[in-house]
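Engineer: Sequence first, predicted model second:
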Amino acid sequence: MPNPADYDLDFRPDTYWGDSIAPVNVKGQFRREQIREAIERGDLDEVPDSILCDELSPGVREMVGRMHPAYMGGEYLPDYRPSEVEIARVVLASVTQDVMSVRACPKRGRIGYRVEDEYETQYRVRPQTTKQPLTLGGLIKLMDTVTRSGGDITGLVIGIWKATPDMDPDDDDSRGFIRVESEYYPDLARWYEECEAEFFKRLARLKRGDE
């Protein structure tokens with residue numbers, strides 16, 4: 001586990017519903033990356049509306065999918081509920097660049113949470129609701145305790161590493177297989193990058209027979 005002293009685990013966004021030019025609810029991972037690059041270059045106005053929209057029309061989605069399957073990553077996520085926003089996502093470096101989306105939605109004066117992927121998997125999250133936006137530590141706990149229907153894997157990141165038998169500390173494709181990002185929690189990606197480094201250090205020790 002990363003050193004908690006290196007993080008402000010009590011950091012909490014003021015709201016999930018402020019004005020932002022970031023691609024908060026753009027489903028497609030490839031399109032999100034294009035938008036971020038355009039923001040960094042300062043030429044977001046030149047990006048076509050077909051890229052900026054939250055979801056592609058079926059016809060455009062089919063056309064893009066024929067270009068490369070990785071371009072479809074995230075495009076088949078379920079639709080957002082009214083006022084729902086994505087607060088974090090987990091991206092797998094699979095052929096189709098699979099995505100798991102952590103979402104927040106107003107719910108009877110509180111904030112409700114759910115996790116969705118592109119395969120209609122049922123996820124259970126804790127907590128299900130909060131009065132305020134989650135702290136960074138609260139979001140990490142939610143992500144690390146998520147369970148899938150069947151209960152075979154716990155956690156959106158570490159659980160997948162543990163459940164993937166061909167993870168190899170000497171294989172560059174294994175490292176970086178899972179990427180975490182968030183438009184609301186700037187340190188979330190760094191936290192899981194450190195988790196990955198620790199995981200593969202231990203995996204290397206096990207491979208050498210040190211443990």
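Structural biologist: Great, that's in hand.
Engineer: what number of residues lie near residue 140?
Structural biologist: Look at residue 140: counted by other Cβ atoms under 10 Å, it has 25 neighbours. For the C-beta atoms, the positions are set from N, CA and C on the backbone; glycine is no exception.
Engineer: domain ranges for the chain?
Structural biologist: 22-70, 77-203 (automatic domain parsing).
Engineer: roughly how far is stretch 104-121 from the heart of the chain?
Structural biologist: 14 Å (Cα atoms, centre = their mean, to the nearest Å).
Engineer: go on, stretch 98-112?
Structural biologist: With Cα atoms, centre = their mean, you get 13 Å for stretch 98-112.
Engineer: Need the contact partners of that stretch.
Structural biologist: 16, 27, 29, 73-74, 77, 80-92, 113-119, 128-134, 139, 142-143, 156 (Cβ atoms under 8 Å, 6 or more residues apart in numbering).
Engineer: Okay, buried residues for that stretch please.
Structural biologist: 98-105, 107, 111-112 (16 or more other Cβ atoms under 10 Å).
Engineer: So which residue is smack in the middle of this structure?
Structural biologist: residue 89 (1.3 Å; Cα atoms, centre = their mean).
Engineer: would you say that residue is within a helix?
Structural biologist: No: under the criterion used here (DSSP: H, G, I helix; E, B strand; the rest coil), residue 89 is strand, not part of a helix.
Engineer: returning to that earlier point: hmm, which two among the buried residues of stretch 98-112 are most spread apart?
Structural biologist: Maximum pairwise distance in the buried residues of stretch 98-112, criterion Cβ to Cβ, is 26.9 Å, between 98 and 107.
Engineer: So what would you say the end-to-end distance of stretch 106-114 is?
Structural biologist: 12 Å (Cα to Cα, to the nearest Å).
Engineer: Now restrict the contacts of stretch 98-112 to buried residues only.
Structural biologist: So, by 16+ other Cβ under 10 Å, the buried ones in these are 16, 27, 29, 73-74, 77, 80, 84-92, 113-118, 130, 133-134, 139, 142-143, 156.
Engineer: Sitting in helices, which of the residues you listed do you find?
Structural biologist: Among the buried ones among the contacts of stretch 98-112, the members falling in helices (DSSP state H) are 29, 139, 142-143.
Engineer: Of the residues you listed, which pair is most distant in space?
Structural biologist: 29 and 142 (21.1 Å).
Engineer: Where do the helices of the protein begin and end?
Structural biologist: Going by DSSP H, the chain shows helices at 29-41, 49-52, 58-67, 136-145, 158-163, 188-208.
Engineer: quick check: mean pLDDT across the fifth one?
Structural biologist: In this case it means helix 158-163. What helix 158-163 shows for mean pLDDT is 84.
Engineer: who does that helix touch, helix- and strand-wise?
Structural biologist: helix 188-208 (3 or more Cβ pairs under 8 Å, 6 or more residues apart in numbering; DSSP states H and E).
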